[in-house]
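1. what follows is a predicted structure for the sequence shown.
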Amino acid sequence: MLRSFFIGLSTNRAFRAFAERSAIGRRVSLRFVAGMTVEEAIDAAAQLNAEGIDVSLDSLGESVLQVSQAEASAAVYHRLLDAIEARKLRANVSVKLTQVGMDIGGPASGPALAERIVGEMVEHAARTGNFVRIDMEGAEYTEPTLALTERLHHRYPGTVGTVLQAYLLRTEQDVERLFAQGIRIRLCKGAYKEPAEIAFPAKSDVDLNYCKLMKRLVSSPVFCGIATHDEAIISQLCNYVAEHGIAKRAFEFQMLYGVRRDLQRRLAADGFGVRVYVPFGAEWYPYFMRRLAERPANVLFLARNFFRN
């Protein structure tokens, strides 16, 4: 019930407008969001690098409906790529297609705009030796996202990858499809509400599929990200790689900024690759609500720590 409640709130425009403009809302968000500006995000990345942790930077925003908004989002990513290069950070970037115009003007124009904008980002990343992750959104975007990733990978091999969600029934086939082309994958469980016709309805089935797929990912020659905070799943994977002689740096654990910092540091100290997804920006509300939906225990954590420094 809590998961459905927070997913519903993530699309509530009135509550979003209030939260993003209020001082209390911004204060609460800072547990999971690294500030509002590029400079704050870059400083957060530098701090994580100093702790032995790599970073993926995400300028928050989605579902833009004007070309000017899409171009403004793109400009932020070009600033990030330049700042990463200038400061020699171990960081890459992550972007949503709806943030760069996918939904503008119908199917004929929006996808073309998004492909141009993301293509320019990937070209920039290729010039600077970096990497762009195209984030996955709701199920209606799965096929367009995979197809765009494939086209850009063909132009800039090794510079672009995407995300697959273990709760979708199609994901096992999508893993093999991308691996056949050498495309890097981040595997997550999924944070959108999808019908039972296309997604596993039970958490236990999602977890089983996730564990099956993560073992396939770490056994492949393609470098992939295992995105989870589930300690039981992490322990299972650590045992699996030890038993099968898989190098600790043949893949990386990926976690969210502000979530299980103790676990992030412990895995890094044990020699595993760890990358933290660092979001920032004024449009933090949908992201924040999906984090509460994924892990309702975060609500209690925030309540306990709200008045602490």
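-> Right, received. Where do you want to start?

2. and stretch 79-98, average pLDDT?
-> Averaging pLDDT along stretch 79-98 yields 97.

3. confidence score at the most centrally placed residue in the chain?
-> Compute the mean C-alpha point of the chain, and by C-alpha atoms, centre = their mean the closest residue is D135, 5.7 Å away. With respect to pLDDT, D135 scores 96.

4. my guess is it contacts T98. True?
-> No. Judged on C-beta atoms under 8 Å, D135 makes no contact with T98 at a distance of 9.4 Å. C-beta: built from backbone N, CA, C; applies to glycine.

5. now K215. Nearest residue, chain neighbours left out?
-> In space, and not counting its chain neighbours, K215 is closest to Y240: 5.8 Å by C-beta to C-beta, 6 or more residues apart in numbering.

6. where exactly do the strands run in the protein?
-> 54-59, 91-95, 132-134, 160-165, 185-188, 225-227, 252-256, 273-280 (DSSP state E).

7. okay, those in TSV with distance to L263 next?
-> Below are these laid out as TSV (distance: least, C-beta to C-beta, whole Å):
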stretch	distance to L263
strand 54-59	15
strand 91-95	20
strand 132-134	21
strand 160-165	21
strand 185-188	16
strand 225-227	13
strand 252-256	7
strand 273-280	9
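
8. same list (the ones you listed) but as TSV, adding distance to L148 and mean neighbour count.
-> Putting the strands of the chain into TSV (distance: least, C-beta to C-beta, whole Å; neighbours: other C-beta atoms under 10 Å) gives the following:
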stretch	distance to L148	mean neighbour count
strand 54-59	18	24
strand 91-95	11	24
strand 132-134	7	25
strand 160-165	8	25
strand 185-188	15	24
strand 225-227	19	25
strand 252-256	21	22
strand 273-280	20	24
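
9. contact partners for the nearest residue to F280 once chain neighbours are set aside?
-> Nearest non-adjacent residue to F280, counting by C-beta to C-beta, 6+ apart: A41, 3.9 Å away. If you count contacts by C-beta atoms under 8 Å, 6 or more residues apart in numbering, A41 has them with 34-35, 57, 59, 80, 278, 280.
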